[in-house]
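[1] have a look; sequence and predicted model below, questions after that.
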Amino acid sequence: MASLTLRNIHKSFGNTAVLSGIDLDVADGEFTVIVGPSGCGKSTLLRTIAGLEDLDKGTVTIGKTDVTSLPPSKRGIAMVFQSYALYPHMTVYENMSFGMKIAGAPAEEIDQAVRAAADTLGLTALLDRKPKELSGGQRQRTAIGRATVRRPRIFLFDEPLSNLDASLRVKMRQEFARLHDTLETTMIYVTHDQVEAMTLADSIVVLRDGLVEQTGTPQELYKYPANRFIAGFIGSPAMNFLAGSVVESRPDKTIVRLESGTTIQVNTGSGELSPDSPVTLGIRPEHLATGGDHNLVETEVTLVEPLGSHSYVYLETPDADEPLIFRGSGDFCGARGDRLTVCIAADNCHLFGKDGKGLRQKSSGNITAS
């Protein structure tokens, strides 16, 4: 196992800057997930760690060794790709053993390593099969097994589940979590799927436009987003946003007037903002409710998505550019065109300034943001 330290990582392709000064620390044995929108630099960052892309500037340190100038084979890493990259003419056993064989490992050592990895991944009965005879999940586990037998210091995963169907992705997430517990190895996992990030990660790194927006545990990013981008990116469905302005600001609460004239009390301060300062109020779907006698917003139902145990109800209001999403009960009986009064939970509101930054975050912890 080993820690990973990235300092001032820059990478451009032509005139296009892809990574613009990444600093990142991954602890020994940690499962770190890198997320962000398409084109934010996730896969490029992973490839620079692996040594598959040369840096324009910066350093990559694994453990206590500066590996910036070392080729991939000398870095002690193993990478699992989205496409599996298995040799179609080789069996599972041959695919898993190939790297060790090329490295000149003794046959007995190779056999022990392959069979141990196959047992861990449930591949023992499949060792004589070729990739075309495997399901998508079995191919992915074979690719993971090939990486495992090399006993790397760090595992790198580049969107390994994106080619699988929904039910298989759920199963494979469980496999990754179990594998990390079993191997106790540092893992860095790139995905565009925040559900994977929330369920797998010890720590999440959110990238946007080649920069780190925020790092922290899944719950830290969910409860204390550093800015509006993080608030809208982490959480499914996304956080609701309503435009307003400050009426009154105290250390423990803020009164916000929405564009419709409705006033909302938020149980968090807004710093030194003066009256009439523009703010954005954020509230998650699960923190909206029906009933109550304050913080009420009048809306109109535009769509109901019944999902069995609960429903997502889309609501129009002049205070928001996008429909609000309300998480209702599974037997919610409203319909398009109905009027619905929703209550905003004062203790669960978020406030963002004109620049998009979160105001008066309630947790310091080890959250970092750019």
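    Done, it's in.
[2] which strands or helices does the longest helix belonging to the chain pack on?
    In the chain, taking DSSP state H as the definition, the longest helix is helix 166-183. Packing partners of helix 166-183 (3 or more CB pairs under 8 Å, 6 or more residues apart in numbering; DSSP states H and E): helix 107-121, helix 136-148, strand 186-190, helix 194-200. Backbone N, C-alpha and C define where each C-beta goes, glycine included.
[3] 6 Å instead, please
    helix 194-200 (3 or more CB pairs under 6 Å, 6 or more residues apart in numbering; DSSP states H and E).
[4] dump the helix or strand that the helix it packs on is followed by to PDB, keeping only the CA atoms.
    Where DSSP states H and E defines the elements, the next helix or strand beyond helix 194-200 is strand 203-208. Extracted C-alpha coordinates of strand 203-208, given in PDB (Å, rounded to 0.1, in the frame of the first residue of the first chain):
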ATOM      1  CA  SER A 203     -13.200  10.600   0.300                       C
ATOM      2  CA  ILE A 204     -14.700  12.300  -2.700                       C
ATOM      3  CA  VAL A 205     -12.800  14.800  -5.000                       C
ATOM      4  CA  VAL A 206     -15.000  17.000  -7.100                       C
ATOM      5  CA  LEU A 207     -13.400  18.400 -10.300                       C
ATOM      6  CA  ARG A 208     -14.700  21.200 -12.500                       C
END
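[5] ok, strand 203-208: who's next to it in the sheet?
    In the sheet, strand 203-208 lines up against strand 31-35 (parallel), strand 211-216 (antiparallel) (DSSP bridges).
[6] ok, residues contacting the first one?
    Read it as strand 31-35. Under the contact criterion CB atoms under 6 Å, 6 or more residues apart in numbering, strand 31-35 has outside partners 26, 42, 180, 187-191, 194, 197, 200-206.
[7] now the longest helix of the chain: buried residues?
    169, 172-173, 175-176, 179-180, 183 (16 or more other CB atoms under 10 Å).
[8] still on that earlier bit, among the contacts of strand 31-35, the buried ones, what's the ChimeraX command?
    To isolate the buried subset of those in ChimeraX, counting by 16+ other CB under 10 Å, use the following:
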select :26,42,180,187,188,189,190,191,194,197,200,201,203,204,205,206
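[9] quick check: mean pLDDT across the helix or strand Leu221 falls within?
    Using DSSP H and E, Leu221 sits in helix 218-223. Averaging pLDDT along helix 218-223 gives 94.
[10] name the next helix or strand downstream of it, please.
    helix 228-233.
[11] show residues contacting that next one.
    206, 213-214, 225, 238-239, 282, 350, 352, 356.
[12] let's see it at 10 Å
    Outside helix 228-233, the residues within contact range by CB atoms under 10 Å, 6 or more residues apart in numbering are 35-37, 194, 197, 204, 206, 208-209, 213-214, 216, 221-222, 224-225, 227, 238-241, 280, 282-284, 322, 350-353, 355-358, 367, 369.
[13] mark which of those are buried, thanks.
    Counted by 16+ other CB under 10 Å, those give 35-36, 194, 197, 204, 206, 208, 213-214, 216, 221-222, 224-225, 227, 238-241, 280, 282-284, 350-353, 358, 367, 369 as buried.
[14] what's near enough to touch Lys74?
    Here Lys74 is in contact with 51, 65, 67 (CB under 10 Å, 6+ apart).
[15] likewise Ser83?
    Counting by CB under 10 Å, 6+ apart, Ser83 has contacts 139, 143, 158-160, 162-163.
[16] go again with 8 Å.
    Asn163 (CB atoms under 8 Å, 6 or more residues apart in numbering).
[17] heads up, I number from 35, so please use that
    In the new count, where the first residue is 35, that last one comes out as Ser117.
[18] how would you label it: helix, strand or coil?
    coil (DSSP: H, G, I helix; E, B strand; the rest coil).
[19] quick one: contacts of the longest helix of the chain?
    Contacts for helix 200-217 (CB under 8 Å, 6+ apart): 65, 154-155, 169-171, 174-175, 178, 182, 191, 194-195, 198, 221, 223, 227, 230, 233-234.
[20] quick one, that helix and helix 141-155 angle?
    Helix 200-217 and helix 141-155 are oriented at 130 degrees to each other (axes from the mean of the first three to the mean of the last three CA atoms, to 10 degrees).
[21] then helix 200-217 to CSV, C-alphas only?
    Taking Å, rounded to 0.1, in the frame of the first residue of the first chain, the C-alpha atoms of helix 200-217 are listed here in CSV:
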residue,chain,number,x,y,z
ALA,A,200,-28.1,-0.8,-13.9
SER,A,201,-28.6,-4.0,-11.8
LEU,A,202,-25.1,-5.2,-12.5
ARG,A,203,-23.6,-1.9,-11.6
VAL,A,204,-25.3,-2.2,-8.1
LYS,A,205,-23.8,-5.7,-7.7
MET,A,206,-20.3,-4.6,-8.9
ARG,A,207,-20.3,-1.7,-6.5
GLN,A,208,-20.7,-4.2,-3.7
GLU,A,209,-17.8,-6.2,-5.2
PHE,A,210,-15.6,-3.1,-5.2
ALA,A,211,-16.4,-2.3,-1.6
ARG,A,212,-15.7,-5.9,-0.6
LEU,A,213,-12.5,-6.0,-2.6
HIS,A,214,-11.2,-2.8,-0.9
ASP,A,215,-12.0,-4.3,2.5
THR,A,216,-10.2,-7.5,1.6
LEU,A,217,-7.1,-6.0,0.0
